[in-house]
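Trainee: quick one, fold the following:
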Amino acid sequence: MRSIRSEVLLVWRVICRLAGRQPAERRKIPHTIVFNSPELACLHEAGHAETALSVGARVVEVELYREIPRSYGRTRVERDNTQRRHIALGGFAVEYLLFRANRLVKQDGRPPTEKEFVDSAIDNASEDRVGYFGQDLVGTNGRWPKKLDEEFVKYSIDRAENSMNFGLVERIAVALLAAGKLDEDSIRRIADQDDPSIEEPRSIR
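Mentor: Residues are numbered from 1 along each chain as shown. The predicted structure is shown next:
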C-alpha cells in the first residue's frame with residue numbers, strides 16, 4: 001500500500017503534467033549557459049556544495065544573488081582546513097566541465113576561447129583562490145602570481161575529471177535557481193535523491 005506521501009506526490013505530478021509544468025525535482029538547467037548568468041552562478045555554488053559533501057563537510061546554506069551585470073552566490077560550510085582547500089576548487093571545476101562540453105557562451109552568444117574561459121572562471125573564483133591558499137596573495141599589480149593561478153587551475157581540473165558528481169551538482173543548481181536559497185535540510189534531501197537522468201557533460205572538443 002502506498003504511503004500518503006507517495007499518493008500526494010503522484011497527484012502533484014499529474015497536476016503538473018496537465019498544467020504543462022514539471023515538478024521542481026524534474027526541472028533542468030538549460031543546456032547553454034551564459035557568462036555571468038544566474039544559471040552559471042547556481043552551478044558554480046553547487047560545485048562547492050557537492051565538493052563539501054564529498055569530503056564530509058557540513059553545508060549550512062547556499063544562496064543566489066541575482067545582480068547586474070553579474071549574478072553570484074555564496075556557500076556556507078563548516079569544515080576543517082584540509083576540507084577547505086578541496087571545497088574551494090569546486091566552482092572552477094564545474095565551469096571547466098561546462099566549457100569542455102561546449103555549454104558555455106559569452107553574452108553575445110559566441111563560445112569563449114580557452115583564454116576567455118580561464119580569465120572568466122578565474123575572475124569568478126577570486127574568493128575561492130583565497131580559500132584554497134588560505135590568504136589573499138594578490139600582488140601590487142592587482143593580480144595573483146601566475147604560478148599560483150596555474151596551481152589552482154590544475155587542481156580544479158583534477159577535481160572535475162576524477163571525482164565530481166555532476167548529477168548532484170545540477171540537482172542542487174536547479175533547486176537553487178528556483179528557490180534562491182537552500183538550507184542544510186534541503187541540500188541533504190537533494191543529495192539523498194538518486195536521479196540517473198542527469199549525466200556529466202560529455203566532452204565534444
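Trainee: and Asn165, what does it touch?
Mentor: Shown in contact with Asn165 (C-beta atoms under 8 Å, 6 or more residues apart in numbering): Glu50, Ser54. All C-beta atoms are positioned from the backbone trio N, CA, C, and that covers glycine.
Trainee: ramachandran angles for it?
Mentor: When read as degrees, to the nearest 10, the backbone of Asn165 gives phi -90, psi 90.
Trainee: and it, how close does it get to Arg58?
Mentor: In this view, Asn165 and Arg58 are 17 Å apart by C-beta to C-beta, to the nearest Å.
Trainee: one more: Leu64?
Mentor: Leu64 is 20 Å from Arg58, where distance means C-beta to C-beta.
Trainee: likewise Tyr72?
Mentor: Tyr72 is 22 Å from Arg58, by C-beta to C-beta.
Trainee: more crowded one of those two?
Mentor: Tyr72 (17 against 14; other C-beta atoms under 10 Å).
Trainee: was I right about the more buried one contacting Leu40?
Mentor: No: counting by C-beta atoms under 8 Å, Tyr72 stays clear of Leu40, with 9.5 Å between them.
Trainee: overlap in contacts, those two.
Mentor: With C-beta under 8 Å, 6+ apart as the test, Tyr72 and Leu40 both reach Asn124.
Trainee: what's the offset of the helix or strand containing Gly73 from the middle of its chain?
Mentor: According to DSSP states H and E, Gly73 maps onto strand 72-78. Here the centre of strand 72-78 is set off from its chain's centre by 11 Å, with C-alpha atoms, centre = their mean, to the nearest Å.
Trainee: please name every helix or strand in contact with the helix or strand that comes right after that strand.
Mentor: Under the assignment DSSP H and E, the closest C-terminal helix or strand after strand 72-78 is helix 81-88. The contact analysis (3 or more C-beta pairs under 8 Å, 6 or more residues apart in numbering; DSSP states H and E) places helix 81-88 against helix 38-54, strand 72-78, helix 126-133.
Trainee: ok and the first one relative to strand 72-78, angle-wise?
Mentor: Orientation check (axes from the mean of the first three to the mean of the last three C-alpha atoms, to 10 degrees): helix 38-54 against strand 72-78 gives 10 degrees.
Trainee: helices or strands next to helix 38-54 in the packing?
Mentor: Counting contacts by 3+ C-beta pairs under 8 Å, 6+ apart, helix 38-54 is packed against strand 33-34, strand 58-65, strand 72-78, helix 81-88, helix 90-100, helix 166-179, helix 184-192.
Trainee: tilt between it and helix 90-100?
Mentor: Going by the same axes, to 10 degrees, helix 38-54 makes 120 degrees with helix 90-100.
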